[in-house]
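Trainee: Take a look and give me a structure for this.
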Amino acid sequence: MITGASNGIGLEIAKSALAAGHQVVATGRDTAKVSKSISAAPDQLLVVKMDVTNATEIDAAVKSAVNKF
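Mentor: Predicted coordinates for the structure are as follows:
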């Protein structure tokens, strides 16, 4: 699970993890921006809306990750 995956360090970490063959949960406040920035096979990438200051969104993101992977 990589937070802030729409740009900067988070984006680069997500791209590197995917390139290395890992499954990635890429999170950000704007899922459209994350999806536009990162492309991968559906079985490798899950993009989830998550603001790290919002406990409800964090809980939902973790549940989505567990369900997917």
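
Trainee: list the helices and strands the helix or strand encompassing Lys36 packs on?
Mentor: Using DSSP states H and E, Lys36 maps to helix 31-37. If contacts are counted by 3 or more Cβ pairs under 8 Å, 6 or more residues apart in numbering; DSSP states H and E, helix 31-37 sits against strand 24-28, strand 45-49. The way it works is simple: take the backbone N, C-alpha and C, and place the C-beta from them, glycine included.

Trainee: Of those, which stretch is the most buried?
Mentor: Sort the helices and strands packed on helix 31-37 by mean neighbour count, taking mean count of other Cβ atoms under 10 Å, and strand 24-28 sits at the top with a mean of 25.

Trainee: Can you name the residues in contact with that one?
Mentor: 1-6, 10, 14, 17-18, 34, 38, 40, 44-50, 61, 64-65, 68-69 (Cβ atoms under 8 Å, 6 or more residues apart in numbering).

Trainee: same thing but at 6 Å, please
Mentor: If you take Cβ atoms under 6 Å, 6 or more residues apart in numbering as the criterion, strand 24-28 is touched by 1-3, 5-6, 14, 17-18, 34, 38, 45-48, 50, 61, 65.

Trainee: what distance separates it from the middle of the whole chain?
Mentor: Relative to its chain's centre, strand 24-28 lies at 1 Å (Cα atoms, centre = their mean, to the nearest Å).

Trainee: State the mean pLDDT of that strand.
Mentor: For strand 24-28, the mean pLDDT works out to 97.

Trainee: and the angle from that strand to strand 45-49?
Mentor: 20 degrees (axes from the mean of the first three to the mean of the last three Cα atoms, to 10 degrees).

Trainee: and whichever strand or helix holds Lys63, what other elements does it pack with?
Mentor: Assessed by DSSP H and E, Lys63 sits inside helix 55-68. On a contact count with 3 or more Cβ pairs under 6 Å, 6 or more residues apart in numbering; DSSP states H and E, helix 55-68 meets strand 45-49.

Trainee: what about 10 Å?
Mentor: The contact analysis (3 or more Cβ pairs under 10 Å, 6 or more residues apart in numbering; DSSP states H and E) places helix 55-68 against strand 24-28, strand 45-49.
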